[in-house]
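Engineer: One predicted model, sequence on top.
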Amino acid sequence: MLVKNREQVVMKAVEMDDTQDVQMAVLIGDDEGAPNFIMRRFEVQSGGHTPYHTHDWEHVVYILEGSGKLVGKGVERTLKAGSSLLVSPNEEHQFRADKDSGLTFLCSIPKR
């Protein structure tokens, strides 16, 4: 078994095109010997966003703090603390923090 504390995790800026004010840390992943999933923490600053993108794997997400939107093709969903969501494989998506609130969430993905 493995237990990590928040103090053991380093947040790093996400450096992808069309990303604004986003940091991420891998909480559990390859370095911890996770065989099937990777759990990450994202912090999106007020008004920030992830890129609008798609990929071949799903996301399972839980919103810890703040508020924002999950934007997809022709749809926009409101996010707030306590929301849980599924982004299906190949579904276009973007996470946006509200202008007056950051957005902090956990995101688990399958290992590839």
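Structural biologist: In hand now; what should we look at?
Engineer: All the helices of the chain, in order from the start?
Structural biologist: For the chain, helices defined by DSSP state H do not occur.
Engineer: Next, count neighbours for Val87.
Structural biologist: Val87 is flanked by 20 other residues according to other CB atoms under 10 Å. C-beta: built from backbone N, CA, C; applies to glycine.
Engineer: distance of the nearest residue in space to it that is not next to it in sequence from Lys73?
Structural biologist: Excluding its sequence neighbours, the residue lying closest to Val87 (CB to CB, 6 or more residues apart in numbering) is His59, at 4.1 Å. Distance of His59 to Lys73, computed by CB to CB, to the nearest Å: 16 Å.
Engineer: quick one: which of those two has more around it?
Structural biologist: His59 (20 against 9).
Engineer: residues in contact with that one?
Structural biologist: Counting by CB atoms under 8 Å, 6 or more residues apart in numbering, His59 makes contact with 85-87, 93, 107-109.
Engineer: 6 Å instead, please
Structural biologist: Neighbouring residues of His59 by CB atoms under 6 Å, 6 or more residues apart in numbering: 87, 107, 109.
Engineer: now do Asn90
Structural biologist: Asn90 is in contact with Thr54, counting by CB under 6 Å, 6+ apart.
Engineer: what's Tyr52 sitting at in phi/psi?
Structural biologist: Backbone torsions for Tyr52, taken as degrees, to the nearest 10, come to phi -80, psi 110.
Engineer: Can you tell me the closest non-neighbouring residue to it?
Structural biologist: Nearest residue to Tyr52 in three dimensions, chain neighbours excluded: Gln94, at 4.1 Å (CB to CB, 6+ apart).
Engineer: again, but for Asp21
Structural biologist: Closest to Asp21 by CB to CB, 6+ apart is Gly48, at 3.1 Å.
Engineer: How much space separates the one you found from Gly74?
Structural biologist: Taking CB to CB as the measure, Gly48 falls 23 Å from Gly74.
Engineer: More neighbours: which of these two?
Structural biologist: A count of neighbours by other CB under 10 Å puts Gly48 above the other of Gly48 and Gly74, at 20 against 6.
Engineer: any idea of the mean pLDDT for stretch 104-112?
Structural biologist: Mean per-residue pLDDT for stretch 104-112: 94.
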